[in-house]
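**Student:** 3D, please:
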Amino acid sequence: MIFRRKLALLAASAFSGSVLATAPVHAQRLEVVTSFSILQDMVEQVAGDHATVSSLVGRNGDTHVFTPSPADARRLSSADLLIVNGLEFEGWMERLIDASGYEGAIIEATKGIDALAFEEGGGDHHDDHGDEDDHH
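**Tutor:** Purely as a prediction, here's the structure:
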């Protein structure tokens, strides 16, 4: 819940700052590209009619194995804003930014968030229960 509030505030301030600082009253909508569809959904809710939001990795795509296409580079090159997860989630993003020539603003959704450490094998703990421990 806190993450969503922080992201919403961050995105809202970026949108309002970009719109107010660079655009006349009857300006075109911002072109926003997100790295994956969950960010797209959140940004669409925050931006409303003020932005056209697209995602590089589609709703059924896997960000871990995604390979950007030349069309993705063209789309990014014409964007006003790029929103990514960060935390090295999009290992291909830096190459795509370089290939596209994108020089616009980048919002890292996880910036300022203390990430939890990942421990190898930490999720496989099973408690052995005797026959007398009947879980209902």
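**Student:** could you use CA atoms for every contact and neighbour count after this?
**Tutor:** Fine.
**Student:** residue 41: neighbouring residues, count only.
**Tutor:** Residue 41 is flanked by 15 other residues according to other Cα atoms under 10 Å.
**Student:** what's the first helix or strand after the one helix or strand it maps to?
**Tutor:** Secondary structure from DSSP states H and E places residue 41 in helix 37-47. Scanning forward in sequence from helix 37-47, with DSSP H and E defining helices and strands, the next element found is strand 51-57.
**Student:** run the angle between that following strand and helix 37-47 for me.
**Tutor:** For the pair strand 51-57 and helix 37-47, the angle between their directions (axes from the mean of the first three to the mean of the last three Cα atoms, to 10 degrees) equals 170 degrees.
**Student:** got the contact list for strand 51-57?
**Tutor:** Identification of contacts with strand 51-57 by Cα atoms under 8 Å, 6 or more residues apart in numbering yields 29-37, 39-40, 43-44, 63, 66, 68, 72.
**Student:** got a quick ChimeraX command for the buried subset of those?
**Tutor:** With 16 or more other Cα atoms under 10 Å as the burial test, the buried ones among these are selected in ChimeraX as follows:
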select :29,30,31,32,33,34,35,36,37,39,40,43,44,63,72
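**Student:** who are the neighbours in contact with residue 105?
**Tutor:** If a contact means Cα under 8 Å, 6+ apart, then residue 105 has 80, 81, 82 as its contacts.
**Student:** give me the residue ranges of this structure where confidence is low.
**Tutor:** Residues of the chain that meet the criterion pLDDT under 70 lie in 1-27, 121-136.
**Student:** so where do the strands sit in it?
**Tutor:** Under the criterion DSSP state E, the chain carries strands at the ranges 30-36, 51-57, 81-84, 105-108.
**Student:** how many degrees apart are the helix holding residue 41 and strand 30-36 in direction?
**Tutor:** 150 degrees.
**Student:** turn the strands of the chain into CSV, including distance to residue 119.
**Tutor:** What follows is the strands of the chain, written out as CSV (distance: least, Cα to Cα, whole Å):
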stretch, distance to residue 119
strand 30-36, 25
strand 51-57, 27
strand 81-84, 24
strand 105-108, 24
